[in-house]
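# Here is my input, please return the structure:
(3 chains)
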Amino acid sequence: MKQIAKVIVDVPAMQTNRPYDYVIPLNLVQKLEIGMRVEVPFGSRSIQGFITEIVDDSNYDGELKEIVRPLDIEPVLTEELLQLGKDMADRIYSYQIYCYQTMLPTMLKAKYSKEFFLTDEIEEALWFDLFEGQDTLSWERALEKGVLPQLLDLKKREKVDLRYLVKNQVKSKKIKVYCSAMSWLQIEEELETLPKNASKQKELLHALQKIEDQWMTKKEFQEQFDLSAQTVQTGVNKRWLKEEEKEVYRDPLKNHHFSQTENKQLNDAQTEAFNQVKEAIENNEHHVFLLKGVTGSGKTEVYLQLIGDVLKKGKTALMLVPEIALTPQMVRHFKERFGNDVAVMHSGLSAGEKYDEWRKIKRGEAHVVVGARSSIFSPVENLGIVIIDEEHETTYKQEDNPRYHARNVAIYRGKYNQCPVILGSATPSLESRARAQKNVYKLLELPDRINAKAMPEVQIVDMREEFQENNRGNFSRVLQEKIQDRLQKKEQSVLLLNRRGYSSFIMCRDCGYVLECPNCDISMTFHMDTKGMKCHYCGHEKPVPKTCPKCAGHQFRYYGTGTQKIEKELNELFPEARIIRMDVDTTRKKGAHEKLLDAFGKGKADILLGTQMIAKGLDFPNITLVGVINADTSLNLPDFRSSEKTFQLLTQVSGRAGRADLVGEVIVQTFNPEHYAIEYAKHHNYDGFYRQEMVLRHHGGYPPYYFTTQITVSDADEKKAQVKIYEINAMIRKQMGEGTIVLGPSKSSIAKMNNRYYFQLLVKYKNEPRLHDVLTMILDQSQKDNAKGLYISIDTEPVNFF
DNA sequence: AGCACGCCGACT
DNA sequence: GTCGGCGTGCTC
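Purely as a prediction, here's the structure:
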């Protein structure tokens, strides 16, 4: 019987966000499966697609085309992931094709190209001129040579034609391995014929007799039998050794050795939490647990033992960690417990390494996946538990299309697989904590640090007083004293620079002019390393102006506290101190992050100065002082979550001090010492903060009391974007019910980015069954606008407000 | 997203 | 009268 494949094609548009039917050619009938990538003709092109279904007949009126070829031998998406992608696209107003592509390593994304080829005889001179003696000519090359019009003309006269190519990028790493090419007897004969003084070669032959048909690399050969590279090469040249290519995984951790660790004894609270989740595992029940444990309360050990439990049942485990917390230290915990059964996925891996880790998971060679946001899509089967550590982190929400939240995907997969989901945090998001309050999630608490150590003492320093006392620097006198004290005691200090929502800029001293990016509507950032100005949004760079563009003044004042500036100040205050600076600039290179932390851990520096990235996963015993240089830059952002984020950050860094037998101390410098987020952080009082913040959210009508959806319109023409947002605004307001609040429309706070103008609208609602249809309709109708360069984007539950 | 088809202005 | 601009709609 004729088989039809339903295919989601690689065309990201609302009109093509549905399966297209294709005939499966006879020779592929048994070979194609759902979840495979295929090449299909689409219009006049040839593109990639995903088979989502295989059926017997089609409703399509026209003539069906055939699938050209499969791009995989095995499916790359499981049935679960296919379903997930479909549901997800609908919920977050994205396209299925975007969702599927996000689920896969970039290596599995097809590359497209097109080339000209001859269909008829043309003049030899002309052919040579155009095709340079080749059969085909790529579109790019034709463009480069400026012969595109000529070729298009030939195409019109049917002398040449265009061919569309879909290139599969998949490349496996291969290494050469060697094996003896001779039998024992042959080797004996060979030994006879060798001259007496060929002692090394004799050694090699004896070695060959020992290994029989075992394959190994040259290097392994050398090491095992203590031979030189030259000797082995002689063996290869004399054909004593045969050569073969073997596919290997790129192993980013090959130079690391992990010793096995055993389960640690759990304390009462840990045991209680463990048992509750274990029960869900045993009964194959889906529950969401909110594991609230202060820093150092041993959440990780609970995770490890639960994963161990899941593995014993023959199932798999998914563990999500924020990208910046995915440090070698963190990974080590898992590798030490589960060895090679762990696959690690993070942004530091090359495309090839990511693909290999992905394949290990896909083939069931790794049953535990530890990774950042996108690892939630790992192709694991038989899922037994999903853990999201630091669940409050906003990095779990992807900021561009598809705008998914890993936490929601986790819960989806937990339901699908009937397994528990654990959301862990010392400072849960208000949303999650509120759900636990309503018993939607089960609350599990680890209230104490494992070693029964008290939380560090937090001292708040009022920087306004420092200013009045004429201390204009970034270090209060108290903090200076404490740092000096640690230097003497040979203990380590960590200094955090809160850079959220913050940038350094320059201002004219005469007229107050601030240098702005010509493409975007924000001030440009001054960079110490290049001594130039840079725009954070579009990357535009220019030198610091000599004179003010507005008033021609010569004097500029440099504002802001970049890490480099603080480091300089620190150097002047403590010339003898050894400082490690950690920020985007010093950690850009691969492995730099690890190196710096490692150096600090080994005591090669006295002070670690850094941005947000040092707030997590730092676990060194010798740190007894944590200083927060500017607690409140994140407090005054136009974002209803600014207090929550500040509280989380302060609590997070406080946990870094004094974990071992040394007492920790925390100094928080601020201009708002009486702010409740800072007050509650000082007392390590999450519950107090939660209650107060909930009251404010209730008054303001914000999550978790309301759901939010943001609609953004952008266009190169400000007027067009504005007209469109008002149009949408009118439509939404007409359709929405009583309890729904629509804020805006308004200009985005960064109204212009990359020469595009942004307008937005925020819908706050408790129960709005029609919203989904209205928004889907708006997207359906946006096709023409899209073609003209006007974009509409819909963000459900946005986490960052511009 | 591309690409073809189709309807209007500027020109050989 | 034709070339080519872009606006519109379709792609199994």
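# Now A:Pro798: closest residue in space that isn't a chain neighbour?
A:Gln710 (4.6 Å; CB to CB, 6 or more residues apart in numbering). (Glycine included, C-beta is placed from N, CA and C.)
# Report the secondary structure element holding the one you found.
Using DSSP states H and E, A:Gln710 sits in strand A:707-715.
# the inter-axis angle of whichever helix or strand comes after that strand versus strand A:707-715?
Scanning forward in sequence from strand A:707-715 by DSSP H and E, the next helix or strand is helix A:718-735. With axes from the mean of the first three to the mean of the last three CA atoms, to 10 degrees defining the directions, helix A:718-735 sits at 150 degrees from strand A:707-715.
# residue boundaries of the helices in the stretch 501-650 of chain A?
Assigned by DSSP state H, counting those that start in this stretch, the helices in the stretch 501-650 of chain A fall at A:563-573, A:592-601, A:642-654.
# Let's have those helices in TSV, adding distance to DNA strand B.
Listed next are the helices of the stretch 501-650 of chain A as TSV, based on distance: least, CB to the nearest atom of the strand, whole Å:
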stretch	distance to DNA strand B
helix A:563-573	39
helix A:592-601	35
helix A:642-654	33
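# Looking at these, which one is packed in the most?
Highest mean neighbour count among the helices of the stretch 501-650 of chain A (mean count of other CB atoms under 10 Å): helix A:642-654, with a mean of 24.
# Show me what that helix is packed against.
Other helices and strands packing on helix A:642-654, by 3 or more CB pairs under 8 Å, 6 or more residues apart in numbering; DSSP states H and E, are strand A:492-496, strand A:623-628, strand A:665-670, helix A:676-682, helix A:686-700.
# hmm, who's touching that helix?
Outside helix A:642-654, the residues within contact range by CB atoms under 8 Å, 6 or more residues apart in numbering are A:295, A:392, A:394, A:426-427, A:429-430, A:455-456, A:458, A:494, A:496, A:498, A:500, A:612, A:614-616, A:626, A:628, A:631-632, A:634-636, A:639, A:666, A:668, A:675-678, A:680-681, A:684, A:686, A:689, A:693, A:696.
# tell me, how many neighbours does the residue nearest to A:Pro798 end up with?
20 (other CB atoms under 10 Å).
# ok, now which ones touch it?
Counting by CB under 8 Å, 6+ apart, A:Gln710 touches A:760-763, A:794-795, A:798, A:801.
# So which of those residues sit within strands?
A:760-763, A:794-795 (DSSP state E).
# Top of the residues you listed by number of neighbours, please.
Greatest neighbour count in these, by other CB under 10 Å, goes to A:Val763: 25 neighbours.
# so what's the nearest residue to that residue once chain neighbours are set aside bridging to?
Nearest residue to A:Val763 in three dimensions, chain neighbours excluded: A:Thr709, at 4.8 Å (CB to CB, 6+ apart). Beta-bridge pairing of A:Thr709 under DSSP bridges involves A:Val763, A:Thr796.
# looking at the helices of the stretch 501-650 of chain A, which is closest to DNA strand C?
helix A:642-654 (41.3 Å; CB to the nearest atom of the strand).
# Quick check: mean pLDDT of that closest one?
Per-residue pLDDT over helix A:642-654 has a mean of 90.
# so which of the helices of the stretch 501-650 of chain A gets nearest A:Asp226?
Among the helices of the stretch 501-650 of chain A, the nearest to A:Asp226 by CB to CB is helix A:592-601 (32.4 Å).
# For that closest one, give me every contacting residue.
With CB under 8 Å, 6+ apart as the test, helix A:592-601 has contacts from A:327-329, A:348, A:492, A:580, A:582, A:586-587, A:605, A:608, A:613, A:618, A:620.
# to the chain's geometric centre, what's the distance from that helix?
Taking CA atoms, centre = their mean, to the nearest Å, the mean C-alpha location of helix A:592-601 is offset from the chain mean by 21 Å.
# Of the ones in strands among the contacts of A:Gln710, which is the nearest to A:Arg359?
Looking across those and measuring by CB to CB, the closest to A:Arg359 is A:Asp795, at 32.9 Å.
# Look up how far DNA strand B lies from the nearest residue in space to A:Lys167 that is not next to it in sequence.
Among residues not flanking A:Lys167 along the chain, A:Lys111 sits closest, at 4.4 Å (CB to CB, 6+ apart). Separation of A:Lys111 from DNA strand B (CB to the nearest atom of the strand, to the nearest Å) stands at 11 Å.
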